[in-house]
Each structure stands twice: as structure tokens, then as C-alpha cells.
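1. Test case, fold it:
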Amino acid sequence: PAGAAVKTATVEINDIKFDRAYEAMEGPNVYEQVNLDLAPGVKAAWITGFRVEVRAGGEEAPEYLCHSRLGTILKEKSTRNLHNIKTDPEAGTRGLIAVSQGHTNFTLPEGFALRVPVNKKRSFLFGVQVQNPQGESGQQVSVKGVVTYMDGPSGKAAGLVPLQRTIFGFTGGAHARHKGMPRDDHGMFAVAPGRHEFSIEFAPRIKSPEATVHFMRMHLHAYAKSIELIDLSTNKSLWKGLASTNVKLGSLSTADSFSSKEGFPIHRNRKYKMIAEYDNPTAGPIDAMAFLQVYYK
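-> Residues are numbered from 1 along each chain as shown. Coordinates of the predicted model:
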């Protein structure tokens, strides 16, 4: 909110080097703690935004980003080169926010935030996984993450509304794999050459019978065209987001997001359908992902 005590915290990782080609979900994982400026005794932080910048050779190079996320971890744990972040039960999240190739700037609608409990034992964690499918050995990249937040009292005084998080879409085993996919496929599936639609029907995993969606972001890979969300009880399209690919680099260039103060309603006892479209111009199968990260009240 305008005039409120909004703060930023920045973390940089400058020593990520490639020793070979890494496809999506295969590259180096690096983690660093993020220090938020919180006064002693403050019991919560309100996260309103998160953005990531990737550079190589002094130039912006978003094509090297696979994904990045902001979460929490107990301070006594090592944060360098972790391969698995265990759930932080008190914060109730494995990753508060994620961004990925095509969508690197996460900003919630004005007046909304993620309220995260804080204490002396917990640290915020910035994680990034990079990739270089073009195979440049020896290339070095740097990554900067910027968190926008308010402390507990300031967020409460500003009247921030806390949002919950869920996921819609393919999160594992939904479609066929192809030889060469990582064993831990993270919800990855194969797309044969040509244009294809993939769909899944589901009931939302939300904590109340009815909720309002205020923010959604698409997580996709290169050559994705769109994701559409449909309410099967009315056959109404609730939202459709588009994506574009830099064919020369083989990387996702843009991916739409949904952001609204008013939002739209979802119901726990209704069925919904998500349709993802890919157009693979290559001669062989490609790795793909397709899901929506959903923030609701």
C-alpha cells in the first residue's frame, strides 16, 4: 500500500558454473539465506513480491533460469547445494513463492500478502536451479533475488489480507515420460513433435468450501502456448494465460499471470479442468511441465 513501510531484501549468488549441458530440472541447485530486516520480537513477515534476475557475461540472460523459489528453513541447516528442502511445519510451506523461465517477477495484488511466522530459529531461503541446454561448458552465471515485504505490525496496520497457496495441474505422473527424463520427474511429461493439448480434471485442494483466487502464475517449459482453467459445473472458462518461446534459444520468453483484487470464486466440491497446450517444432520429444500456482483467500 502507498506510504506503508515496504522493505526489500536482496540476495546474490555469483559463482554458478556449468561443466556440461543441463536440461530443465537437471542443472545445479544453489541456496542462500535471505536476511529480512525485522525488529526483535516481530512474529511475522508479510511477503508481497519476489523477483529474480539472471546475468551471464554482464548481460541479462533469463534463458539460463530453470526456476527459483523463496521458502523457509531452520537456521542451523546448511543451505549450500541442498537437493531437498524439507517442509517447515510451522510455516506450513515447502516454498512460499516460485518463479521460473518466462515469469520472473511475482507481485501480489495491492493489499494482499503471504503472512509467514518468524522466530529466532527460522531463516528465509532463496533457492535457484539453472540450466544450459545449449551446452556451454565453463559459462558462469549470477542470480539475484529481491524480496518485497513488510514486518508484522506494519502489515497489520496496512490492513494486508493474507493469502493461502495451492496448485492446480500436472504435478506428477499425469502423462507419458520419454527415455532420458530424470527419474524424479517433478511432474514432467513428454510432448511429441507437433501441437498437442493435455488436460486434467480435479477438485481444488483448498482449506474452506469456497474461496476467492487473487493471483495465479503459470509454470511451463519452452514451446508452451497456453494454460486454460475451466469450471466444469458451468463449462465457463475462468482464465486463459498465454506463453511464448524464443525458438533460437529454446527458452520460454513470456508467461502470463492472473492478478486481481476482486478475484474469482472457486469451490472445493466442484470439478475443474485445466488444459495445457504445447507446440513442439523439434524432431523429437521434449520435456514439459504445466501447472498453476494459485494464491487464494
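2. the strands in the stretch 51-200 of the chain, which residues?
-> 59-60, 65-74, 97-100, 105-107, 112-117, 122-130, 140-151, 161-162, 164-170, 189-191, 194-202 (DSSP state E, counting those that start in this stretch).
3. would you turn these into TSV with distance to S237?
-> In this view, the C-beta of every residue, glycine as well, is placed from N, C-alpha and C. Shown next, in TSV, are the strands of the stretch 51-200 of the chain (distance: least, Cβ to Cβ, whole Å):
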stretch	distance to S237
strand 59-60	34
strand 65-74	27
strand 97-100	24
strand 105-107	24
strand 112-117	24
strand 122-130	32
strand 140-151	31
strand 161-162	26
strand 164-170	14
strand 189-191	23
strand 194-202	13
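4. Tell me which of those lies nearest to K297.
-> Nearest of these to K297, taken as Cβ to Cβ: strand 161-162 at 6.0 Å.
5. pLDDT (mean, whole number) over the closest one?
-> Mean pLDDT, strand 161-162: 96.
6. same question, stretch 35-45
-> In this model, stretch 35-45 carries a mean pLDDT of 89.
7. Same question for stretch 68-85.
-> 62.
8. Could you do stretch 55-62 as well?
-> So the average pLDDT for stretch 55-62 ends up being 91.
9. Could you list the low-pLDDT ranges of the protein?
-> Within the chain, the segments meeting pLDDT under 70 span 1-4, 74-95, 171-186.
10. Could you rerun that using 50?
-> 2, 80-93, 174-184 (pLDDT under 50).
11. Quick check, central residue of it?
-> Centroid-nearest residue in the chain, with Cα atoms, centre = their mean: A98, separated by 2.4 Å.
12. Relative to P193, how far out is it?
-> Applying Cβ to Cβ, to the nearest Å, the value for A98 to P193 is 29 Å.
13. Quick check, the residue nearest to the centre of the chain in contact with L65.
-> No - taking contacts as Cβ atoms under 8 Å, A98 lies outside contact range of L65: 11.3 Å.
14. Mind listing the shared neighbours of those two?
-> With contacts defined as Cβ atoms under 8 Å, 6 or more residues apart in numbering, no residue is shared by A98 and L65.
15. Excluding covalently adjacent residues, which one is nearest to K271?
-> Excluding the flanking residues, the one nearest K271 by Cβ to Cβ, 6 or more residues apart in numbering is L232, at 4.4 Å.
16. What number of residues are in the vicinity of that neighbour?
-> 12 (other Cβ atoms under 10 Å).
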